[in-house]
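> Need coordinates for the below:
(chains A and B)
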Amino acid sequence: MEERYNPGRVEAKWQEYWSKNEVFKVTTDPSKEKYYLLEMFPYPSGKIHIGHVRNYTIGDVVVRYKRMKGFNVLHPMGWDAFGMPAENAAIDNNTHPAAWTYENISAMRVQLKKMGFSYDWDREIATCRPEYYKWEQWLFLKMLENGMAYRKESFVNWCEKCQTVLANEQVEQDKCWRCSQVVQQKKLWQWFFKITDYAEDLLVHCDKLPGWPDKVTTMQKNWIGKSIGSELKFKIDGQDEDLTVFTTRPDTVFGATFMCLSPEHPLVETLSKGTNQEAVVDAFVQKISNQERSADGIEKYEKEGVFTGAHCINPATKEKIPIYTANFVLMGYGTGAIMSVPAGDQRDFDFARKYGLEIRVVVQPRDAILDFSTMVEAYTGDGVMVNSGQFDGMDNQNAVEVITDWLEENGRGKKAISYRLRDWGISRQRYWGTPIPVIHCPSCGVVPVPEEDLPIRLPEEANLLAKGGSPLPALDYFSKTTCPACGGKDAKRDTDTMDTFMESSWYYLRYCSPRYEEGMFDPAAVKYWAPVDQYIGGVEHAVLHLLYSRYFMRVLNTLGLIDFKEPFTRLLTQGMVCKETMTCPEHGFLFPEEAKKQGDDSLACTRCGKKVEVGRVIKMSKSKKNVVDPNELLEKYGADITRLFCLFAAPPERDLEWSEDGVEGSNRFVNRVWRLAIECMDKIDAASIESFNGAASDLKFQGAKGLYIKANQTIKKVTDDIDKSFHFNTAISAVMELVNAMYTVDIDKADKEMKSVLLFCLENVLLLLSPIIPHFSEELFEKMGKKKTILEHSWPAYRDDSLETDEVLVVVQVNGKLRAKFTIGTDVDEAGIKEMALNDEKIKKYLHEKSLKKIIVIRKKQTLVNIVV
RNA sequence: GCCUGGGUGGCGGAACUGGUAGACGCAAGGGACUUAAAAUCCCUCGAGCAUAUUGCUUGUACGAGUUCAAUUCUCGUCCCAGGUACCA
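From the prediction side, this is the model:
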């Protein structure tokens, strides 16, 4: 027999066996309980990296475990194939997005197969295939038909020099990443989905997802950002029109000394027109239009504003207050206008100080006196109402409701709810994505493409424009068409494509019936398989992808296509695999292999020899090039040791700074098990000795009994770790401990009883390790002469009667400090433990000449005595 | 900035609802086997002190607090990561 485990030979053998026997192919089978496990599908960026390996190994372990538990398991894989990197690669390498993507898919499929993952490859999908995106276009039409999609004007990052729209990622310090031109904000007509219609439902159900990590639902709740407040009406001075603001602090309305409008607010232009502020306001609006207009963006710029020339009337004080326009007010949140209470809001305070506006204290803290002239910052806490007419002296929290009611009686306000969540803009001025199936007709306007004309195919052979622009608008054969409504010849297709989050919002339903041609999915298949029982992916997707998916299921539910609303019953968010970035002054980001160590320990670029700067430790991504390709590990150690190492390194939810130190340990462990198995097979005559399967109490000798109990404890520990917490690192540690215990047995001297226990241990070590290192375990299982493969074997069970030894360790503390330990039988009562603790020689010297205050005895998992003197 | 996490030996990590801090492994040092190497096996391994045998003190980012007892709970501070709506 082989001395050492030979991964090359063994892994190829079992991968072939699995594939030949179609072991991982699944079909709907109502006689079996289904289990749908899904890992987030990868973007085909070229090669898989260690982050993928970690994600997919976690999933594969759970899949193999669930199979052994008797479930009918769906475990598919595919490609999130549309997206910007393909366009960037096409420009950089003078290739084509489609060619690049398909090549990457082929290469990555080979790598995944080498890892031995248990995918049903017959269900593979790629979202860039018309057979897939056809149904996305179909859904878009349904949403349009049902008023779930609409068009409005909104801003994009625009590079004038490249004549193209830039993604946020392509904007570096307000400049274009390709040409360093200052980026402008350009207004375009774009499509939006009314996700805000579901804001409340998405929010409420965050608390009905017990299988999700709290941190993820918390992030989603904060993202949706429900705030309860009031809508107040401020009459514009000299006009009949009202300005409506949303505020969460109606109690401070008496302190509203000015008003701020978002520069995009339609009234900004109207109000300033004809006043002597007109020119100033126009210039300001123009200036702000080049700033990034998002909640994140506004933090980057200095807060500034200008007077519009108009005033409005504070509905509480009836005073005339100036209306400003300011860059920190966003059109997309609330009403695009705020009442400014400088005494109670820091931004308003800064603004008021900067422009010399009035500050009026309306909420006085209970432990200090605020004076508007000496205040250095706003007071946002609670307190007593002042300067607020009939409400003076009231607790401000009570005033919230009372003032709102009062204003409502006067027709100047009402209670209102506002959400931070905005509608989902899905139009992209890009090429490599799903075409939006509408036609623009000069006489009929926006006309949906008739269903029978789907899919609207993306012309895959089209070439990107040099600077990254989409070729679609200029491709007459694509864009020119006849209007389906009036037959007009001068109609044009929408040349925008959809946000790639669309594809990933429903792919898991497509997997249920990937070749179905009558709709998005076969309803019967979805009824059997969906929703996904366990979803696994990076925590980076905690909000966007996961929220969009939840939204899509609500849309499909509303449309009557599915009978559930939540796509993922259980969610595991894996931590990021991180690595430092490296940049060369000449070549930008470098792959790890492109930086070479020099004599003085600094790094040099392998292309130009310039000094490489080592950056922060951040998540692995192709765009930053800080990726580690698993191929080297795979060649040296094989798939199983790579899998084992990834799992042993840290629990899944933890971020991991990548290092290969320690892989030797995994290699050593696997070979240790191999040698142990070979030795057991050589020295234990399997024909005359059977693996032990009784109770620990049936064993005569302490050695065998102890080992048997250890084995049962290990089965329990590994089962719990895989099933309940996904803590594979501690599961592996537990098996290592059992293997170490087995090594202490001298097989040559072992009696029949011990040999029988050893066989039990060996079998279970292989069964417990089989989801983690499947090729290795199959090989040894076969060598042991087992008829069934490990995959057909059921998961081992432990005996409740064989989990505990008959001795308990007692830990004795004096004033909380550990002073002594001893063991007792399980039958000693609390009084007996106390007595033994007090009479212990080591303890006695601490009690000398001191009076006993208290003795605490804890008998839980540990037995502990704390003597307080 | 805001939201969400995280911080434990030289390193990865363990400690389940507060109860022996450092399981398991890596690296390092010492030893055995060997002509040698690889492989394997054994021992040591948080820090400081010591009567250097099993003793004492200290230690889980930092500073306070609650408790008989805090890595675990509360408050504050620092640092790191993820997200921040067009990277996926």
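
> any low-confidence regions in chain A?
A:1-2, A:294-297, A:299, A:599-600 (pLDDT under 70).

> And it, what are its domain boundaries?
Using automatic domain parsing, the domain ranges for chain A come out as A:226-419, A:681-802, A:807-868.

> Find the nearest non-adjacent residue to residue A:815, please.
With Cβ to Cβ, 6 or more residues apart in numbering as the criterion, residue A:815 has its nearest non-adjacent residue at 6.0 Å, and that residue is residue A:868. C-beta: built from backbone N, CA, C; applies to glycine.

> Surely the one you found and residue A:850 touch.
No. With contact defined as Cβ atoms under 8 Å, residue A:868 does not reach residue A:850; the gap is 10.0 Å.

> Pull the number of nearby residues for the residue nearest to residue A:815.
12 (other Cβ atoms under 10 Å).

> Which parts of the stretch 51-200 of chain A are strands?
Ranges of strands in the stretch 51-200 of chain A, per DSSP state E, counting those that start in this stretch, are A:72-74, A:149-159, A:164-166, A:171-172, A:175-176, A:184-193.

> Switch the domains of chain A over to a markdown table; also include distance to residue A:14.
A markdown table is the format used below for the domains of chain A (distance: least, Cβ to Cβ, whole Å):
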| stretch | distance to residue A:14 |
| --- | --- |
| domain A:226-419 | 49 |
| domain A:681-802 | 5 |
| domain A:807-868 | 40 |
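
> Residue A:122: which of the ones you listed is closest?
For the domains of chain A, proximity to residue A:122 was assessed by Cβ to Cβ; domain A:681-802 is nearest, at 17.7 Å.

> List the residues that contact whichever residue of the stretch 551-700 of chain A sits closest to RNA strand B.
Closest to RNA strand B within the stretch 551-700 of chain A is residue A:665: 2.5 Å, counting by Cβ to the nearest atom of the strand. With contact taken as Cβ atoms under 8 Å, 6 or more residues apart in numbering, residue A:665 is in contact with residue A:648.

> In CSV, could you pull the C-alpha coordinates for the helix or strand hosting it?
Assigned by DSSP states H and E, residue A:665 falls within helix A:663-683. Taking C-alpha atoms only, helix A:663-683 is exported to CSV below (Å, rounded to 0.1, in the frame of the first residue of the first chain):
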residue,chain,number,x,y,z
VAL,A,663,-0.9,24.7,5.0
GLU,A,664,1.9,22.3,5.9
GLY,A,665,-0.1,21.5,9.0
SER,A,666,-3.1,20.5,7.0
ASN,A,667,-0.8,18.4,4.7
ARG,A,668,0.7,16.7,7.8
PHE,A,669,-2.7,15.9,9.3
VAL,A,670,-4.0,14.3,6.2
ASN,A,671,-0.9,12.1,5.9
ARG,A,672,-1.2,11.3,9.6
VAL,A,673,-4.7,10.0,9.1
TRP,A,674,-3.5,8.1,6.0
ARG,A,675,-0.7,6.3,7.9
LEU,A,676,-2.9,5.6,10.8
ALA,A,677,-5.5,4.0,8.5
ILE,A,678,-3.0,1.9,6.7
GLU,A,679,-1.5,0.7,10.0
CYS,A,680,-5.0,-0.2,11.3
MET,A,681,-5.8,-2.1,8.2
ASP,A,682,-2.5,-4.0,8.3
LYS,A,683,-2.7,-4.9,11.9
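
> who touches whichever helix or strand comes after that helix?
The element immediately downstream of helix A:663-683 (helix or strand, assigned by DSSP H and E) is helix A:702-720. Residues from elsewhere that reach helix A:702-720 (Cβ under 8 Å, 6+ apart): A:692, A:696, A:699, A:730-731, A:734-735, A:737-738, A:741-742, A:745, A:753-754, A:756-758, A:760-761, A:764, A:768, A:795-799, A:802-805.

> now swap in stretch A:148-164 and tell me
Here stretch A:148-164 has contacts from A:140, A:143, A:165-168, A:170-171, A:176, A:178-179, A:181, A:183-194, A:197, A:289, A:292-293, A:425-426, A:429, A:446, A:465, A:467-470, A:555, A:558, using Cβ under 8 Å, 6+ apart.

> Now the phi/psi pair for residue A:447, please.
For residue A:447, the backbone dihedrals are phi -120, psi 130 (criterion: degrees, to the nearest 10).

> Distance-wise, check it relative to residue A:459.
21 Å (Cβ to Cβ, to the nearest Å).

> so how many other residues sit close to whichever residue of the stretch 1-150 of chain A sits closest to RNA strand B?
As assessed by Cβ to the nearest atom of the strand, RNA strand B sits closest to residue A:83 within the stretch 1-150 of chain A, at 2.9 Å. Residues lying near residue A:83 (other Cβ under 10 Å) number 23.

> can you give me the helices for the stretch 301-450 of chain A?
A:346-355, A:396-409 (DSSP state H, counting those that start in this stretch).

> Distance to residue A:47 and mean neighbour count for those - can I get that in TSV?
Formatted as TSV, these follow (distance: least, Cβ to Cβ, whole Å; neighbours: other Cβ atoms under 10 Å):
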stretch	distance to residue A:47	mean neighbour count
helix A:346-355	47	18
helix A:396-409	57	18
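
> So for RNA strand B, which of the ones you listed sits nearest?
helix A:346-355 (9.5 Å).

> For the closest one, which helices and strands make contact with it?
strand A:258-261, strand A:305-313, strand A:320-326, strand A:337-340 (3 or more Cβ pairs under 8 Å, 6 or more residues apart in numbering; DSSP states H and E).

> JSON lines for those, including mean neighbour count and distance to residue A:714?
Below are those laid out as JSON lines (neighbours: other Cβ atoms under 10 Å; distance: least, Cβ to Cβ, whole Å):
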{"stretch": "strand A:258-261", "mean neighbour count": "25", "distance to residue A:714": "65"}
{"stretch": "strand A:305-313", "mean neighbour count": "22", "distance to residue A:714": "67"}
{"stretch": "strand A:320-326", "mean neighbour count": "22", "distance to residue A:714": "65"}
{"stretch": "strand A:337-340", "mean neighbour count": "25", "distance to residue A:714": "62"}
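
> Need these in TSV (columns: distance to RNA strand B).
Putting the helices and strands packed on helix A:346-355 into TSV (distance: least, Cβ to the nearest atom of the strand, whole Å) gives the following:
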stretch	distance to RNA strand B
strand A:258-261	17
strand A:305-313	18
strand A:320-326	16
strand A:337-340	16
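
> okay, those in TSV with distance to residue A:720 next?
Shown next, in TSV, are the helices and strands packed on helix A:346-355 (distance: least, Cβ to Cβ, whole Å):
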stretch	distance to residue A:720
strand A:258-261	56
strand A:305-313	59
strand A:320-326	56
strand A:337-340	53
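
> related to what we said a few turns ago, to residue A:526, which of the strands of the stretch 51-200 of chain A lies closest?
Taking the strands of the stretch 51-200 of chain A one by one with Cβ to Cβ, strand A:72-74 is closest: 11.3 Å.

> That closest one pairs with which strands, parallel or anti?
If you go by DSSP bridges, strand A:72-74 pairs up with strand A:34-39 (parallel).

> can you tell if the partner strand touches RNA strand B?
No. Between strand A:34-39 and RNA strand B, judged by Cβ under 7 Å from any atom of the strand, nothing touches; the nearest distance is 12.3 Å.

> Send me that strand as CSV with only the CA atoms.
C-alpha atoms of strand A:34-39 as CSV (Å, rounded to 0.1, in the frame of the first residue of the first chain):
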residue,chain,number,x,y,z
LYS,A,34,-35.5,18.7,-0.5
TYR,A,35,-32.6,20.9,0.5
TYR,A,36,-31.5,23.8,-1.8
LEU,A,37,-28.0,25.1,-1.0
LEU,A,38,-26.6,27.9,-3.0
GLU,A,39,-23.4,29.8,-3.0
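
> State which one residue of the stretch 451-600 of chain A is found closest to RNA strand B.
For the stretch 451-600 of chain A, Cβ to the nearest atom of the strand, closest residue to RNA strand B: residue A:540, 3.8 Å.

> dump the residue contacts of that residue.
Residue A:540 touches A:576, A:619, counting by Cβ under 8 Å, 6+ apart.

> check contacts around the nearest residue to residue A:574 once chain neighbours are set aside.
Spatial nearest neighbour of residue A:574, chain neighbours left out: residue A:652 (4.9 Å); criterion: Cβ to Cβ, 6+ apart. Neighbouring residues of residue A:652 by Cβ under 8 Å, 6+ apart: A:54, A:58, A:536, A:572, A:574, A:575, A:726, A:727, A:728.
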